[in-house]
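Novice: no FASTA, just this:
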């Protein structure tokens, strides 16, 4: 039910300072233990601190939902690649897999609640991801082709700091 609420309301809680690279590293450490050895994870964090303000549990859920989709697309073996990159105003988070990919029809409906191509899928992971990213002032996009894998790109605003000396907010 929380997944659906993320999509509908964007459920706001308390925002704290977060380091995206640290959260992704934590997720990878947990997930690596449950994956079979035929699934490889390649994590390329940005060199700079990837700080943002957000709801920690929601951001962790976002990463879990996206990671789970990548792994489920692999059908037992392949790779998941995770990259973070900083721009002047945002953190770009990319998760890619070399799984089954999506055709145009599936891609056009992927963020719809209850849409799924999986036998046991509920169709809430990507719609919840969309809601979480939007509630944090970001954007999310899917790039995919059948039999060539999928990349999910999320863009989240960097943490703004108040410069006490010059009296303005800076990124």
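Specialist: On my side now, so go ahead. Predicted model only: the values in this text are computed from it and were never measured. Numbers count the residues shown, from 1 in each chain.
Novice: for this protein, just list every one of the strands.
Specialist: 16-19, 39-44, 51-54, 78-86, 90-97, 139-145, 149-157, 161-163, 168-170 (DSSP state E).
Novice: the fourth one pairs with which strands?
Specialist: Partner strands for strand 78-86, per DSSP bridges, with pairing direction: strand 39-44 (parallel), strand 90-97 (antiparallel).
Novice: just those: most buried one?
Specialist: Highest mean neighbour count among the strands paired with strand 78-86 (mean count of other C-beta atoms under 10 Å): strand 90-97, with a mean of 21. All C-beta atoms are positioned from the backbone trio N, CA, C, and that covers glycine.
Novice: quick check: mean pLDDT of it?
Specialist: On average, the pLDDT along strand 90-97 is 96.
Novice: just put the strands paired with strand 78-86 in CSV and tack on distance to residue 115.
Specialist: As requested, the strands paired with strand 78-86 are exported to CSV (distance: least, C-beta to C-beta, whole Å):
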stretch, distance to residue 115
strand 39-44, 25
strand 90-97, 19
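Novice: I'd say residue 58 and residue 135 touch.
Specialist: Yes - checked against C-beta atoms under 8 Å, the pair residue 58 and residue 135 is within contact range at 7.4 Å.
Novice: the more surrounded of these two?
Specialist: residue 58 (23 against 18; other C-beta atoms under 10 Å).
Novice: need the contact list for residue 83.
Specialist: Taking C-beta atoms under 8 Å, 6 or more residues apart in numbering, we find residue 83 in contact with 44, 45, 92, 93, 94, 96.
Novice: same check on residue 157?
Specialist: Residues counted as contacts of residue 157 (C-beta under 8 Å, 6+ apart) are 52, 89, 90, 91, 136, 137, 138.
Novice: ok, the third one to residue 39 distance?
Specialist: The spacing between residue 90 and residue 39, counted by C-beta to C-beta, to the nearest Å, is 29 Å.
Novice: try residue 83
Specialist: Counting by C-beta to C-beta, the gap from residue 83 to residue 39 is 17 Å.
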